[in-house]
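*Asks:* After the sequence you'll find the predicted model.
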Amino acid sequence: MTAAPEREVIGGLRVELAEGVLRITIDRQERMNALDLASMNALGDVLTGRATEPAVRVVVIAGEGIAFSTGADLAAAAQGPEADPRVVMESANRVIRAILTLPVPVIARVNGPAAGVGASIAFAADLAYAAPSAYFLLAFVNVGLMPDGGSSLLVPAAIGRARATEMALLGRKLGAPDAAAAGLIARVLAEDELSPHVDAVAARLARGPRRAIELTKRALTAATLARIDEAIERETEGQIELLAAPDFREGVAAMLGGRAPDFGR
């Protein structure tokens, strides 16, 4: 008999463990699954806590509704004082580092837009599968910020400097088919095939040799992302400066006001 799934709801997330697969679903549909500080902290807590338990053999991160995650919830930040920039950055960095260092594989099921740190979360996953309508957007420059969540290394490591620079400096969307062709994600699946495929891959990994999978993940990460800590530190220092700058305030005001930002001097 199959054991009943263990379920809980925490900070805008649904968390469910069944047959070795820990599913973390971002459920903030009214905000296109954008993450405020509380939900980012909750995600970090799950990834550094529940996901490390012996019963967990694989982690799946997904978004409820039409989006994977549209990044940081700038509207929430604009409505009231958030924590200081360093605290915000440390919260996001904890999530990315946890995904990269977990001893079990992490799968991202990208059913829709993945922007800002939402894109970084998908890129940090060991395997990312996306629907054809999904896209990836390093939207930071549009609000006067720089890429973070490790994406300044995760993206060029996968697709090369030229295309990564275009995404980062121009804030250009990369559709899921192009992301797969460039090697940024593992595969694109038809809308009705995405969830079954992710479920099948997760089940296969959950039945696999745990230690061999752990050491393989560690070796691949070390070979391709050896300087990820340096990248995250550079991003943190740069972003702390930019979060306190006038361009960021103008970028957020323009975004919330539905107008083009004026970054002119």
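*Replies:* Structure's in. What do you need? Numbering: from 1, shown residues only.
*Asks:* Next, give phi and psi for residue 63.
*Replies:* Reported as degrees, to the nearest 10, the phi and psi values for residue 63 are phi -120, psi 140.
*Asks:* Give me the spatial nearest neighbour of it, chain neighbours excluded.
*Replies:* Distances taken as Cβ to Cβ, 6 or more residues apart in numbering put residue 33 closest to residue 63, at 4.3 Å, once the chain neighbours are dropped. For glycine as for every other residue, the C-beta is placed from the backbone atoms N, C-alpha and C.
*Asks:* is it true that the one you found touches residue 65?
*Replies:* Yes: taking contacts as Cβ atoms under 8 Å, residue 33 lies within contact range of residue 65: 7.0 Å.
*Asks:* So which of those two has more stuff around it?
*Replies:* Ranked by neighbour count (other Cβ atoms under 10 Å), residue 33 and residue 65 place residue 33 first, with 30 against 15.
*Asks:* Report the secondary structure state of the residue nearest to residue 63.
*Replies:* Classification of residue 33 by DSSP: H, G, I helix; E, B strand; the rest coil places it in coil.
*Asks:* Report pLDDT for it.
*Replies:* With respect to pLDDT, residue 33 has a value of 97.
*Asks:* The helix or strand encompassing residue 211: what's the following helix or strand?
*Replies:* Using DSSP states H and E, residue 211 sits within helix 210-224. Using DSSP H and E, the helix or strand that follows helix 210-224 towards the C-terminus is helix 228-243.
*Asks:* quick one, phi psi at residue 93?
*Replies:* According to degrees, to the nearest 10, residue 93 has phi -60, psi -30.
*Asks:* Could you report the neighbour count for it?
*Replies:* Residues near residue 93, counting by other Cβ under 10 Å: 22.
*Asks:* mind checking how far the nearest residue to it once chain neighbours are set aside is from residue 209?
*Replies:* The shortest distance from residue 93 to any residue other than its chain neighbours is 5.4 Å, reached at residue 232 (Cβ to Cβ, 6+ apart). Distance from residue 232 to residue 209, counting by Cβ to Cβ, to the nearest Å: 30 Å.
*Asks:* Look at those two and report which has more neighbours.
*Replies:* Higher neighbour count among residue 232 and residue 209: residue 232, with 22 against 9, using other Cβ under 10 Å.
*Asks:* What residues sit buried inside the helix holding residue 211?
*Replies:* Of the residues in helix 210-224, 210, 213, 217 count as buried by neighbour count, 16 or more other Cβ atoms under 10 Å.
*Asks:* quick one: that helix to helix 228-243, angle?
*Replies:* 60 degrees (axes from the mean of the first three to the mean of the last three Cα atoms, to 10 degrees).
*Asks:* Now do helix 210-224: everything it contacts.
*Replies:* Here helix 210-224 makes contact (Cβ atoms under 8 Å, 6 or more residues apart in numbering) with 57, 100-101, 103-105, 126, 157, 205, 228.
*Asks:* which of those residues lies closest to residue 185?
*Replies:* Among the contacts of helix 210-224, residue 126 lies closest to residue 185 (Cβ to Cβ), at 11.2 Å.
*Asks:* burial count for residue 53?
*Replies:* A total of 10 residues lie near residue 53 under the criterion other Cβ under 10 Å.
*Asks:* Before I go, just wanted to say thanks for your time.
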